[in-house]
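Participant: my questions are about this predicted structure, shown below with the sequence.
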Amino acid sequence: MKRRSFLYSVAALSLTGPALADDNPVIKVYKTATCGCCTAWVEHVRLAGFSVEAQNVDQDALNAFKDSLQIAPELAGCHTAVVGDYFIEGHVPASDIERLWAKKPTARGLTVPGMPMSSPGMAGPGAGDSFDTLLVRSDGSTSVFASHS
């Protein structure tokens, strides 16, 4: 699929307003096919009770999607998801997504920048390190939404 066609399809599917029930949101995940930690994160979110639709895309299309959501490079993770009008960037714990969905703050989304070893989907050497989930406000500024240790 060409990148422009992909972007138009994604925009039509995920950014025109929530097409989901308030109590059972569908999380649409865009990731590369070869990323094992993304697959592990998808499973983490499914096990938490979310409905998940995962789509494999090439890296150029994924980067273009992040750009279309205006996700700053310093806030990026390895995969991008949308739930309703929010983006979920990187290895955000399912409990943070649940809290976001329940509270529905005025914001663009949540991110766990980079790939912290102790975040969901990233268990391995160094696991147990602390990390923060950041809330990305409408103006692009961030604040700590949750701290994990």
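Facilitator: Perfect, I can see it now.
Participant: element containing Cys38, please.
Facilitator: helix 36-47 (DSSP states H and E).
Participant: list the buried residues in that helix.
Facilitator: 37-39, 41-42, 44-45 (16 or more other Cβ atoms under 10 Å). C-beta coordinates here come from the backbone N, C-alpha and C atoms, glycine included.
Participant: Asp129: which of those is nearest?
Facilitator: The closest of the buried residues of helix 36-47 to Asp129 turns out to be Cys37 (Cβ to Cβ; 15.0 Å).
Participant: once you drop chain neighbours, what's closest to that closest one?
Facilitator: Take Cys37 and drop its neighbours on the chain: the residue closest to it by Cβ to Cβ, 6 or more residues apart in numbering is Gly121, 4.6 Å away.
Participant: tell me which helix or strand the residue positioned nearest the centre of the chain sits in.
Facilitator: Within the chain, one residue has its C-alpha closest to the average C-alpha position: by Cα atoms, centre = their mean, that is Ile88, at 2.4 Å. Assigned by DSSP H and E, Ile88 belongs to strand 86-90.
Participant: now that strand, how far from the chain's geometric center?
Facilitator: Remark: strand 86-90 is offset 3 Å from the chain centroid, using Cα atoms, centre = their mean, to the nearest Å.
Participant: okay, angle between the next helix or strand after it and helix 36-47 too, please.
Facilitator: Sequence order places helix 94-103 as the next helix or strand after strand 86-90, per DSSP H and E. Computed by axes from the mean of the first three to the mean of the last three Cα atoms, to 10 degrees, the angle separating helix 94-103 from helix 36-47 equals 50 degrees.
Participant: Leu62 reaches Tyr30, doesn't it?
Facilitator: Yes - shown here, Leu62 and Tyr30 form a contact pair, counting by Cβ atoms under 8 Å, at 5.8 Å.
Participant: find residues that contact each of these two.
Facilitator: 79-80 (Cβ atoms under 8 Å, 6 or more residues apart in numbering).
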